[in-house]
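> what's the 3D shape of this:
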Amino acid sequence: MEPTKTPIAESIQKSPEWYEQRLGKGTASKANDMRSKTGVKRKNYAIRLVTERRTKMPMDTFVSPSMEWGTENEHFGRMAYHLRNSDSGVAEVGFILHPTIENFGASPDGFVDKDGLLEIKCPNSTTHIEWLLAGKVPTTHKNQMIAQLVCTGRQWCDFVSFDPRVGAQLELFVVRFEPTDKERKELEKDVTEFLSEVDEMEDQLTKLGVMND
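Take a look at the predicted model:
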């Protein structure tokens, strides 16, 4: 299966242009929230997207110290991955829209050759060691990777955890993830339903505005 051709934004991730391209759109990083059938996170994320559509301003610009550390070290994680997989080509990409689901996109940490993706995490050392010992993709990040794969049309994603603080022998953890067709279709169905709810909220606001004129 050839990768689906999807528009690739040239903007650098975390740049003002990148934030603008994502405004009001469901993103792969929030796939867990979109798939949550009940609860505060699903509702809050829907309201956030509606707010972004109305205000034309990003609502997720907060950066904690741990998030900043992760962003600063992502580049080194990519370098470590490339050194271990020197035969593979790794290319950085921007925001990629799903080919058929409107207002849904992803920003993978890289394209690997013609069929793969890269998802890099730079967590705290405790989490990194936990993932090393488990030896498998953390369940909490599977939805994000499935979302990235359906947006890009690619087949697999290498999950990477990088933490130089634990020493050179253990700083890099890599495990490949390839979801089934069923998992891909189920995620697309859930995302479509969630975004329909967001559209309904936006329509409701529009009607309220007309009534208040």
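> rounded mean pLDDT for the helix or strand containing Glu183, please.
If you go by DSSP states H and E, Glu183 is part of helix 181-211. For helix 181-211, mean pLDDT is 93.
> show me what that helix is packed up against.
Packing partners of helix 181-211 (3 or more Cβ pairs under 8 Å, 6 or more residues apart in numbering; DSSP states H and E): strand 26-27, helix 31-35, helix 40-55, helix 142-152. C-beta: built from backbone N, CA, C; applies to glycine.
> quick one: closest of these to Asn85.
Closest to Asn85 of these, according to Cβ to Cβ: helix 142-152, at 17.4 Å.
> let me see the mean pLDDT of the closest one.
For helix 142-152, mean pLDDT is 98.
> which elements pack onto that helix?
Helix 142-152 sits against helix 31-35, strand 96-97, strand 104-106, strand 116-121, strand 156-162, helix 181-211, with contacts defined as 3+ Cβ pairs under 8 Å, 6+ apart.
> and the ones you listed as a markdown table, adding distance to His141?
Listed next are the helices and strands packed on helix 142-152 as a markdown table, based on distance: least, Cβ to Cβ, whole Å:
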| stretch | distance to His141 |
| --- | --- |
| helix 31-35 | 9 |
| strand 96-97 | 18 |
| strand 104-106 | 13 |
| strand 116-121 | 7 |
| strand 156-162 | 7 |
| helix 181-211 | 13 |
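> from Gly77, how far off is the closest residue to Arg54 other than its chain neighbours?
Spatial nearest neighbour of Arg54, excluding adjacent residues (Cβ to Cβ, 6 or more residues apart in numbering): Leu205 at 6.8 Å. Relative to Gly77, Leu205 is positioned 41 Å away (Cβ to Cβ, to the nearest Å).
> circling back to that earlier point, can you list the helices and strands packed on helix 181-211 in TSV and add mean neighbour count and distance to Val112?
Output for the helices and strands packed on helix 181-211, formatted as TSV (neighbours: other Cβ atoms under 10 Å; distance: least, Cβ to Cβ, whole Å):
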stretch	mean neighbour count	distance to Val112
strand 26-27	24	20
helix 31-35	21	20
helix 40-55	16	29
helix 142-152	24	11
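> in CSV: these, plus distance to Asp87.
Formatted as CSV, those follow (distance: least, Cβ to Cβ, whole Å):
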stretch, distance to Asp87
strand 26-27, 31
helix 31-35, 30
helix 40-55, 39
helix 142-152, 21
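> I'd guess Val63 is in a helix, am I close?
No: counting by DSSP: H, G, I helix; E, B strand; the rest coil, Val63 falls outside a helix, being coil.
> tally of neighbours for the residue lying closest to it once chain neighbours are set aside?
Nearest residue to Val63, sequence neighbours excluded (Cβ to Cβ, 6+ apart): Thr71, at 7.5 Å. Thr71 has 13 neighbouring residues, counting by other Cβ atoms under 10 Å.
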